[in-house]
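A.B. asks: got a predicted structure here, sequence first:
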Amino acid sequence: MAKFFMYGKYSKEALEGISPDRTKKAFDAIAKESGKVDSMYALLGKYDLVLIVDFPSIKEVMKASIALNKLTSIAFTSFLAISIEEFDKITV
């Protein structure tokens, strides 16, 4: 599994739909694409949310991002992340 950071930006419609139920549905949508949410945080600034998630590949991240946008009206930008230990190994 690969680690991804999914940064979300609320639309007006997304703000109107905030609820614990929608959050559960979003987690379920991620699980449907073989993903697992490690953690989720609300942010101030350019992005409103960040989800730290594990997915088998970029294909599943893209499918989950589209599903989440349809479900929540939140637009996501996703980034692959590797641990510093792994990064150190590949850069030596």
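C.D. replies: Received the coordinates, thanks.
A.B. asks: in this protein, mark out all the helices, start to finish.
C.D. replies: 12-16, 20-32, 58-72, 84-91 (DSSP state H).
A.B. asks: tell me which of those helices sits most buried.
C.D. replies: For the helices of the chain, the largest average neighbour count (mean count of other CB atoms under 10 Å) is found in helix 58-72, namely a mean of 17. Where C-beta positions appear, they are placed from N, C-alpha and C, glycine not excepted.
A.B. asks: how far does that one sit from the chain's center?
C.D. replies: 8 Å (CA atoms, centre = their mean, to the nearest Å).
A.B. asks: now do it against helix 20-32, angle only.
C.D. replies: 160 degrees (axes from the mean of the first three to the mean of the last three CA atoms, to 10 degrees).
A.B. asks: tell me which other helices or strands helix 58-72 touches.
C.D. replies: Applying 3 or more CB pairs under 8 Å, 6 or more residues apart in numbering; DSSP states H and E, one finds that helix 58-72 contacts strand 2-9, helix 20-32, strand 49-55, strand 75-81.
A.B. asks: if I pick S11, what's in contact with it?
C.D. replies: Taking CB atoms under 8 Å, 6 or more residues apart in numbering as the criterion, S11 is in contact with S73, I74, A75.
A.B. asks: pretty sure the first one is touching E13, no?
C.D. replies: Spelled out, that is S73. Yes: using CB atoms under 8 Å as the test, S73 is close enough to E13 to be in contact (4.1 Å).
A.B. asks: nearest to K46, of the helices of the chain?
C.D. replies: Closest to K46 of the helices of the chain is helix 12-16 (CB to CB; 15.4 Å).
A.B. asks: quick one: low-confidence parts of the chain?
C.D. replies: Of all residues in the chain, none has pLDDT under 70.
A.B. asks: try it again at 90.
C.D. replies: Along the chain, the parts satisfying pLDDT under 90 run over 17, 91-92.
A.B. asks: and the helices and strands packed on helix 58-72 as TSV, adding distance to L68?
C.D. replies: TSV is the format used below for these (distance: least, CB to CB, whole Å):
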stretch	distance to L68
strand 2-9	8
helix 20-32	6
strand 49-55	9
strand 75-81	6
